[in-house]
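S.K.: requesting a structural model of the entry that follows:
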Amino acid sequence: MRTIERFEDLEAWKRARNFAKLIHSVSGNGNFGRDSGLKDQIRRAANSIVSNIAEGFERDGDKEFLQYLYVAKGSCGEVRAQLYLAIDCDYITEEEFSQLKALELSRIICGLIKYLKHSHLTAKEPLETLET
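M.R.: Got it, this is the predicted structure:
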């Protein structure tokens with residue numbers, strides 16, 4: 001099994017990066033794009049997911065990485081809540097919401113959290129790749 005040596009190799013980070021790109025795209029359209037408060041908040045929350053996965057990985061151990069993953073997962077929940085508001089305001093459809101796969105990203109982050117909590121890695125050992 002290969003090891004993960006850079007956050008860019010983490011599947012969770014790759015998915016979060018793509019998710020943030022999709023959020024930036026959908027939040028720039030129509031009335032959503034004109035609602036600067038919701039648009040800016042959802043973009044910051046999506047960016048937080050990507051950033052916290054990366055920052056946590058660069059820290060000196062699993063305990064700190066776990067803390068950052070919990071923050072990333074929380075930000076994922078924040079984005080989902082804001083997407084529900086976007087549905088309520090008719091900025092996006094429920095189909096568009098489903099296509100963003102926000103819950104799937106949350107589950108991927110949760111899987112990484114569970115893996116780290118049950119692993120026996122020490123601070124400087126490389127993270128083994130996860131199959132999702």
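
S.K.: low-confidence ranges in the protein?
M.R.: Applying pLDDT under 70 to the chain picks out residues 1-2, 120-132.

S.K.: residue ranges for the helices of it, please.
M.R.: For the chain, the helices defined by DSSP state H occupy 11-26, 30-34, 36-57, 62-88, 94-100, 102-118.

S.K.: packing partners of the second one?
M.R.: Applying 3 or more Cβ pairs under 8 Å, 6 or more residues apart in numbering; DSSP states H and E, one finds that helix 30-34 contacts helix 36-57. Heads up, the C-betas are built off the backbone N, CA and C, glycines and all.

S.K.: which residues touch the helix it packs on?
M.R.: 6-7, 10, 12-13, 16-17, 19-20, 23-24, 27-28, 32-33, 64-69, 71-72, 75-76, 78-79, 82-83, 85-86, 89, 91, 105, 109, 127 (Cβ atoms under 8 Å, 6 or more residues apart in numbering).

S.K.: for stretch 105-124, same thing?
M.R.: Defining contact as Cβ under 8 Å, 6+ apart, one finds that stretch 105-124 is touched by 10-12, 15-16, 19, 49, 53, 60-62, 65-66, 69-70, 72-73, 76-77, 80, 127-128, 130, 132.

S.K.: so how far is it off the chain centroid?
M.R.: Here the centre of stretch 105-124 is set off from its chain's centre by 14 Å, with Cα atoms, centre = their mean, to the nearest Å.

S.K.: got it, and stretch 34-54?
M.R.: Its chain's C-alpha centre and that of stretch 34-54 lie 10 Å apart, by Cα atoms, centre = their mean.
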